[in-house]
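Undergrad: sharing a sequence plus its predicted fold:
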Amino acid sequence: DTGTRVNEARTEQALATSSSVIGSACPYCLTMLSDGTKAKEVEEDVRTMDVVEILEKSIVKKEEVVSV
C-alpha cells in the first residue's frame, strides 16, 4: 500500500527521456507502460509500441523511400 505503483514508476522513468515512443519486447510490460501513460494522461503525446511494431515502421518507411 506504500510507494508508487510499478507501472507508474517505469512510465515516469521512460518519460524522463523525453521520448515520443516507449518500446517494449514484453507484452506484459507493454500493457503496464500503456496503463502508465494513460494514468499520467500523456497517451496522446507518447505512444507505447512493441519493438516489432517499431521495426515494421522503420522498414516500411525505408521501402517507401526506395520505391519513390
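TA: Ah, there it is. Numbering: from 1, shown residues only.
Undergrad: show me the strands in the protein, by range?
TA: Secondary structure of the chain (DSSP state E): strands at 21-24, 47-50.
Undergrad: could you dump those to JSON lines with mean neighbour count, mean pLDDT and distance to K57?
TA: All C-beta spots, glycine's among them, are computed from the backbone N, C-alpha and C. Shown next, in JSON lines, are the strands of the chain (neighbours: other CB atoms under 10 Å; pLDDT from 0 to 100; distance: least, CB to CB, whole Å):
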{"stretch": "strand 21-24", "mean neighbour count": "18", "mean pLDDT": "94", "distance to K57": "9"}
{"stretch": "strand 47-50", "mean neighbour count": "18", "mean pLDDT": "95", "distance to K57": "8"}
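Undergrad: export those strands to TSV and tack on distance to K38?
TA: TSV is the format used below for the strands of the chain (distance: least, CB to CB, whole Å):
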stretch	distance to K38
strand 21-24	12
strand 47-50	9
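Undergrad: can you give me the helices for the protein?
TA: All helices of the chain, identified by DSSP state H, fall at 6-15, 27-39, 51-67.
Undergrad: and D1, what's its pLDDT?
TA: Note on D1: pLDDT of 64.
Undergrad: shaky segments in this protein?
TA: Along the chain, the parts satisfying pLDDT under 70 run over 1, 61-68.
Undergrad: repeat that for 90
TA: 1-7, 57-68 (pLDDT under 90).
Undergrad: ramachandran coordinates for D45?
TA: Torsion angles at D45 (phi, psi; degrees, to the nearest 10) stand at phi -100, psi -30.
Undergrad: just give me the neighbour total for it.
TA: Number of residues near D45 (other CB atoms under 10 Å) recorded here: 10.
Undergrad: that one contacts V21, correct?
TA: No. Counting by CB atoms under 8 Å, D45 does not reach V21; the two are 10.4 Å apart.
Undergrad: thinking again about what came up before, put together JSON lines for the helices of the chain, with mean neighbour count on each row.
TA: Below are the helices of the chain laid out as JSON lines (neighbours: other CB atoms under 10 Å):
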{"stretch": "helix 6-15", "mean neighbour count": "16"}
{"stretch": "helix 27-39", "mean neighbour count": "16"}
{"stretch": "helix 51-67", "mean neighbour count": "10"}
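Undergrad: sweet, I'm off.
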